[in-house]
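Undergrad: 3D, please:
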Amino acid sequence: MDTTYYDHGTPAERWERARMFFDAKDYAAAARVLGGLVEEVPEQTGPRLLLARSYYHSAQLRRAETELRVIVERDPVEHYARLMLGRTLERQGRQDEADTHLRIASALAGDFEQV
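TA: Prediction:
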């Protein structure tokens, strides 16, 4: 498959293109743009989190889980990544694992009634 369009431009231009695809609910196209961007700037959380969200919304749950685990490993208090990881595990039928991450996400958000 020719990916020239998805890889074209500066990182900032590709980030914007990926966000436009995501906002248009073309999650697979957003993931194609973001995959290369994450390889180029693996230390940045924003592109990796949007990649995970793109995978999640396009039902690529194993890929979403992989990206979310990288974020949580690097930044254990990243609330939204914890929440997404919990939701991703739920969709895979792994409720016991999901509950742990969902409880942590609730605590990080200050929602102690749910903990």
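
Undergrad: only C-alpha atoms for contact and neighbour calcs from this point on.
TA: Will do.

Undergrad: which non-adjacent residue is nearest residue 48?
TA: Excluding the flanking residues, the one nearest residue 48 by Cα to Cα, 6 or more residues apart in numbering is residue 38, at 5.9 Å.

Undergrad: Please compute how far stretch 6-23 lies from its chain's middle.
TA: 16 Å (Cα atoms, centre = their mean, to the nearest Å).

Undergrad: Then stretch 65-78?
TA: Worked out by Cα atoms, centre = their mean, stretch 65-78 lies 9 Å from the chain centre.

Undergrad: just to revisit the earlier point, ok, the residue nearest to residue 48 touching residue 49?
TA: No - judged on Cα atoms under 8 Å, residue 38 makes no contact with residue 49 at a distance of 9.6 Å.

Undergrad: and stretch 42-60, which residues are buried?
TA: Buried residues in stretch 42-60, counting neighbours by 16 or more other Cα atoms under 10 Å, are found at 45, 47-59.

Undergrad: Helices along the protein, start to end?
TA: 4-7, 11-23, 27-40, 45-57, 61-74, 79-91, 95-108 (DSSP state H).

Undergrad: can you list the ones you listed in JSON lines and add mean pLDDT?
TA: JSON lines is the format used below for the helices of the chain (pLDDT from 0 to 100):
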{"stretch": "helix 4-7", "mean pLDDT": "70"}
{"stretch": "helix 11-23", "mean pLDDT": "94"}
{"stretch": "helix 27-40", "mean pLDDT": "95"}
{"stretch": "helix 45-57", "mean pLDDT": "97"}
{"stretch": "helix 61-74", "mean pLDDT": "97"}
{"stretch": "helix 79-91", "mean pLDDT": "96"}
{"stretch": "helix 95-108", "mean pLDDT": "94"}
